[in-house]
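S.K.: Okay, here's the prediction I keep looking at, along with the sequence it came from:
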Amino acid sequence: MSRGGTAFQLVYADGSSDCRKVVRSAFEPEWAVTTAETGHAVDAAVDDDVDCLVVSPDLPEADPISLYESLADTDGLPTVLVAADPDADTVRQAFRAGLDHVVHQEPGGSPRHPSGHA
C-alpha cells in the first residue's frame, strides 16, 4: 500500500481501451493509475504498493473472479468488480471470493449503485 506523500495506486483492468483512458483521466493526478488489458497484465501490476484494484468482466480470456482468486497479493487489497448486468449468483460469487464491492455499470459505461458487503 502506498505510504507517505505518494499518490494512491489504482490498478484498473478492462479490455476496452476507451474505458481504460476514461478511468485514467478521471483519477489522475490524485491517483497513480496502472491500466491492464489482460489477466496476465493484472497479475504483473498487482503488488504491495497497490491501494485498490478495479476489474471489469471485459478482460479477454479472463474471468474476473477467478483472476482475483489467482492473484498472490490481494490480502487486504480493496477490490471492486464493475459489471454490466450482475445477477445474484455473480454478486454472491464475488463476495465469497473476497471482492469488496460490485458496481453496476449502466449501458454506455456509467457505473451506479455500488454494492458492498458488511
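M.R.: The structure has been received and is ready for your questions.
S.K.: Could you pull out the helices in this protein for me?
M.R.: Taking DSSP state H as the criterion, the chain contains helices spanning 17-27, 39-45, 64-70, 88-97.
S.K.: May I see the buried residues of the second one?
M.R.: For helix 39-45, a neighbour-count test (16 or more other Cβ atoms under 10 Å) marks 39, 41-43, 45 as buried. (C-beta placed from N, C-alpha, C; glycine too.)
S.K.: give me the low-pLDDT residue ranges for this protein?
M.R.: 1-6, 73, 107-118 (pLDDT under 70).
S.K.: can you give me the strands in it?
M.R.: If DSSP state E is used as the criterion, the strands of the chain fall at 8-13, 31-36, 52-55, 79-83, 101-105, 111-116.
S.K.: now those strands as a markdown table including mean neighbour count?
M.R.: Formatted as a markdown table, those follow (neighbours: other Cβ atoms under 10 Å):
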| stretch | mean neighbour count |
| --- | --- |
| strand 8-13 | 23 |
| strand 31-36 | 20 |
| strand 52-55 | 24 |
| strand 79-83 | 23 |
| strand 101-105 | 18 |
| strand 111-116 | 12 |
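S.K.: Format these as CSV; extra columns: distance to Q93.
M.R.: Below are the strands of the chain laid out as CSV (distance: least, Cβ to Cβ, whole Å):
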stretch, distance to Q93
strand 8-13, 17
strand 31-36, 21
strand 52-55, 13
strand 79-83, 10
strand 101-105, 10
strand 111-116, 13
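S.K.: So for V91, which of the ones you listed sits nearest?
M.R.: Smallest distance to V91 across the strands of the chain (Cβ to Cβ): 5.0 Å, for strand 101-105.
S.K.: which helices and strands does that closest one pack with?
M.R.: Packing contacts for strand 101-105, counted by 3 or more Cβ pairs under 8 Å, 6 or more residues apart in numbering; DSSP states H and E, involve strand 79-83, helix 88-97, strand 111-116.
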